[in-house]
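Asks: structural data only, the sequence is not supplied:
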């Protein structure tokens, strides 16, 4: 959860608090953005802060995979293009090499630097996101789960969501899965409309809490409804194409296991670097923590394994002038966050979402 802005009793923060109150109105949001007031405030507030954006999937609604994509982690490709234009308007988009060089004592980052990142290793990153990045002339960083390269099926969480949205997974089967994970029958979620994913997310949380062997057993019962035969994950050729077009490759673990719960942390960290190097010819020096799970032990082990930067899902803005090995937060958002009631891109909403993020300590 985002931390609130600090409260101080001086004129700049009073203005900031007033800005926050006014922003509750959609009309005022648009006026603040169009007047340039939001950008002017952002230029002062975030001049020396690195904004790291976190994307997952980018798809066109015409693609068959869109209908079963988890809306929490998927963005329409036209909105993605709008986001890139927004970034170019309000930030200086930088490459991973720029960040690494600055932290090694090289040239400092420009004012209001922004780094674009993706998690997981979805094939649509190459099929849809890459073309928009190339059109905009922007670099990016893709964190890949090593074991998914060349694999068709997505992670079990996305398979459950996709099967539910497609109608292959019904309420009875979802309730049975809840009980198979040890959930009490009287406490089972009540399933309703297909677009209400919260009951299913409660079931998925119970599946995530199982040990790997128990999870494999309960999911095996649902194999006929979970697997649709469609390719979702990046191939080796796609990964090399991305790497050849200014998309740096980082690691996202070997198996996508939360690193705080990994039975063999070394295998997750070193194994991912070794496996990805076989695909792109270079050993990743950055990683993002699967599921955002990290603690001091994980961070220390990652740096010891050769990762120069560790990225998390903490929605805060690190200092642009940091040096040495670091831990950097990232900011994500959904399509709903950045669109108006008609589903159109609303730059004022994205501005308010990004510009006000808390500054990381240190």
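Replies: Cool, got the structure. Because the structure is a prediction, the values reported are computed rather than measured.

Asks: going forward, measure contacts and count neighbours with C-alpha atoms only.
Replies: Fine.

Asks: please, which helix or strand holds residue 284?
Replies: Taking DSSP states H and E as the definition, one finds residue 284 inside no helix or strand.

Asks: what residues are up against it?
Replies: 249, 250, 251, 273, 276, 277, 307 (Cα atoms under 8 Å, 6 or more residues apart in numbering).

Asks: now do residue 77
Replies: Counting by Cα under 8 Å, 6+ apart, the residues that residue 77 touches are 58, 59, 60, 128, 129.

Asks: now those residues as JSON lines including pLDDT and neighbour count?
Replies: Output for these, formatted as JSON lines (pLDDT from 0 to 100; neighbours: other Cα atoms under 10 Å):
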{"residue": "58", "pLDDT": "98", "neighbour count": "27"}
{"residue": "59", "pLDDT": "98", "neighbour count": "23"}
{"residue": "60", "pLDDT": "98", "neighbour count": "18"}
{"residue": "128", "pLDDT": "98", "neighbour count": "18"}
{"residue": "129", "pLDDT": "98", "neighbour count": "24"}
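
Asks: just flag the most distant two among those residues.
Replies: 60 and 129 (9.9 Å; Cα to Cα).

Asks: picking that back up, in strands, which of the contacts of residue 284 appear?
Replies: 249, 250, 251 (DSSP state E).

Asks: from residue 113, how far off is residue 287?
Replies: 19 Å (Cα to Cα, to the nearest Å).

Asks: who's more crowded, these two?
Replies: Per other Cα atoms under 10 Å, whichever of residue 287 and residue 113 has more neighbours is residue 287, with 29 against 23.

Asks: tell me how far stretch 187-198 is from the chain's mean position?
Replies: Relative to the centre of its chain, stretch 187-198 is centred 24 Å away, using Cα atoms, centre = their mean, to the nearest Å.

Asks: just the residues contacting it, thanks.
Replies: 161, 164, 165, 167, 171, 175, 178, 179, 199, 200, 202, 203.

Asks: and the second one, how far is that from residue 41?
Replies: Residue 164 sits 43 Å away from residue 41, going by Cα to Cα.

Asks: who has more neighbours, those two?
Replies: In this view residue 164 and residue 41 are compared by other Cα under 10 Å, and residue 164 has more residues nearby, 22 against 16.

Asks: any stretches of the stretch 51-200 of the chain with poor pLDDT?
Replies: For the stretch 51-200 of the chain, no stretch has pLDDT under 70.

Asks: helices of that one, residue ranges please.
Replies: Using DSSP state H, counting those that start in this stretch, the helices of the stretch 51-200 of the chain run over 77-90, 96-103, 123-124, 130-136, 156-166, 171-180, 198-209.

Asks: check which residues of the fourth one are buried.
Replies: Spelled out, that is helix 130-136. 130, 132, 133 (16 or more other Cα atoms under 10 Å).

Asks: so what's the first one up against?
Replies: Right, residue 130. Going by Cα under 8 Å, 6+ apart, residue 130 touches residue 242.

Asks: same question, the second one
Replies: Residue 132 is in contact with 80, 81, counting by Cα under 8 Å, 6+ apart.

Asks: how close does it sit to residue 76?
Replies: Residue 132 is 12 Å from residue 76, by Cα to Cα.

Asks: just the last one next, same as before
Replies: In this structure, residue 133 and residue 76 are separated by 14 Å, where distance is defined by Cα to Cα.
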